[in-house]
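K.L.:
Here you go, sequence then predicted model.
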Amino acid sequence: MDRRVVAMTAVAAVVLLAGCSMLLGGDGATPAPSPTPEATPTDTPTPVPLEEREFPDGYGPDGVENAETAAATHVETATGYDSYRFRFDVRVSGGNGTDDAFVYFTSVDQENGRALEIRDDGEVTRYQYYEDDRVYVRVVSGDEETYNATDQQFGRARLAGNQFLDPLLKYVEYGEAEPVSTDNGTVYRYTSERVTEPGTILSADISEAEIRSFEVELLVHEDGYIRGAKYVVVTEDGSGLEAVATVDSIGEEAVTRPNWYDEAAE
C-alpha cells in the first residue's frame, strides 16, 4: 500500500475524512484494525434514572463535569488492570481521492512490567519495547532500520492514550449521558453538542468558520476508563478526517519480547 508522510500536525492541518485500517508488521504479531467503538446492548431491567446513577469521577448525567478529573480517572482505571490494549487510528482523504493514515498502538502488561508501543505516520514506524525499566527501540524508514536501547520507565498516562483523549475531554461540550448495558458492564455514551477549540484538538491553525461539522462521541465504562472515542470532521471544501480510539483486551493482553529484541539490546 502506498502511503505519504502524515505527521500528526500535517494530518490535522489538512483536516480530511474516512475510516482507518492500517496493518502494522515486523514485531511478530500484526494488530487488527480498530473497529468503530460501538457498545453491544444486552437485555436490561427497568432503566435507572440518570439522576440516581453513580457516574465515574469527572463525569455526570449532563456530560464531562471536570476534564482533568476525567482524564486522571481514565489513567488510574486503565493502569489498575493487569493488562490492556490501546489503539488510535486516523484516516484522511481529500478531493483527489488520496488516503493517508496515522496509527498509534500500545500493548501493556503491567503485571509483568512490559509494554510495546508502536507509532506509524505512514513513512516512519517506531517500535518501543519496555522491560525492566529499559526501553528497546526499533525505527523503520523505507529500507533502513536502526536499533538502540536506553534506561526508561514506560509512561503510564501516555501508553493509556491520554495525549489523544485529553483534548476530547477539555475542548468538547457533551449532551446527556446515554447508559448502555453490555456484557462487560454499563457504558455511558456522550455525544458532542459543541467543540469549543477545534484547532487545539487537531493541533492545527483552523477556525470554526472553516469547519462544516465536527462530531465527537465518547464511550465511558462505568469503571472510569474511556472504552472508545471517535471524532469526524468535515470542512467547508468537502474534505474531512475521522479518528477512532479504543481500549480493549482488558486483563487479557500478553506482551512478549519482539523478534528484534536482540538487535536493540546489543
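P.N.:
Perfect, I can see it now.
K.L.:
Run me through the strand neighbours of whatever helix or strand residue 180 lives in, direction for each.
P.N.:
If you go by DSSP states H and E, residue 180 is part of strand 178-182. Neighbouring strands of strand 178-182 in its sheet, by DSSP bridges, are strand 185-195 (antiparallel).
K.L.:
All the strands of the stretch 151-266 of the chain, in order from the start?
P.N.:
Using DSSP state E, counting those that start in this stretch, the strands of the stretch 151-266 of the chain run over 172-174, 178-182, 185-195, 211-221, 226-235, 240-248.
K.L.:
Out of these, the one nearest residue 109 is which?
P.N.:
strand 240-248 (14.3 Å; Cβ to Cβ). For every residue, glycine as well, the C-beta is placed using N, CA and C.
K.L.:
what separates that closest one from the chain centre, distance-wise?
P.N.:
How far strand 240-248 lies from its chain's middle: 6 Å, per Cα atoms, centre = their mean, to the nearest Å.
K.L.:
Tell me the strands beside that strand, with direction?
P.N.:
strand 83-93 (antiparallel), strand 226-235 (antiparallel).
K.L.:
can you redo those strands as a markdown table with mean pLDDT?
P.N.:
Output for the strands paired with strand 240-248, formatted as a markdown table (pLDDT from 0 to 100):
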| stretch | mean pLDDT |
| --- | --- |
| strand 83-93 | 92 |
| strand 226-235 | 95 |
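K.L.:
buried residues in the strand holding residue 180?
P.N.:
Of the residues in strand 178-182, 179, 180, 181, 182 count as buried by neighbour count, 16 or more other Cβ atoms under 10 Å.
K.L.:
Next, format the residues you listed as JSON lines and append distance to residue 94 and pLDDT.
P.N.:
Formatted as JSON lines, these follow (distance: Cβ to Cβ, whole Å; pLDDT from 0 to 100):
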{"residue": "179", "distance to residue 94": "38", "pLDDT": "95"}
{"residue": "180", "distance to residue 94": "34", "pLDDT": "93"}
{"residue": "181", "distance to residue 94": "40", "pLDDT": "90"}
{"residue": "182", "distance to residue 94": "36", "pLDDT": "91"}
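K.L.:
Nearest to residue 113 among the residues you listed?
P.N.:
Ranked by distance to residue 113 (Cβ to Cβ), those are led by residue 182 at 30.3 Å.
K.L.:
Tell me what that closest one is bridged to.
P.N.:
Beta-bridge pairing of residue 182 under DSSP bridges involves residue 185.
K.L.:
now it: how far from residue 219?
P.N.:
10 Å (Cβ to Cβ, to the nearest Å).
K.L.:
again with residue 130
P.N.:
Distance of residue 130 to residue 219, given as Cβ to Cβ: 27 Å.
K.L.:
I figured residue 174 was touching residue 191, is that so?
P.N.:
Yes - between residue 174 and residue 191 there is a contact under Cβ atoms under 8 Å: 6.6 Å.
K.L.:
Among these two, which residue is more densely surrounded?
P.N.:
It is residue 174, of residue 174 and residue 191, that has more neighbours when counted by other Cβ atoms under 10 Å, with 22 against 15.
K.L.:
Flag every buried residue along stretch 87-95.
P.N.:
By 16+ other Cβ under 10 Å, the buried positions in stretch 87-95 come out as 87, 88, 89, 90, 91, 92, 93, 94.
K.L.:
What is the nearest of these to residue 68?
P.N.:
residue 88 (20.5 Å).
K.L.:
On the strand side of things, show who the closest one bridges to.
P.N.:
Residue 88 forms beta bridges with residue 104, residue 245, as assigned by DSSP bridges.
K.L.:
residues contacting it?
P.N.:
By Cβ atoms under 8 Å, 6 or more residues apart in numbering, residue 88 lies in contact with 34, 102, 103, 104, 105, 161, 164, 243, 244, 245.
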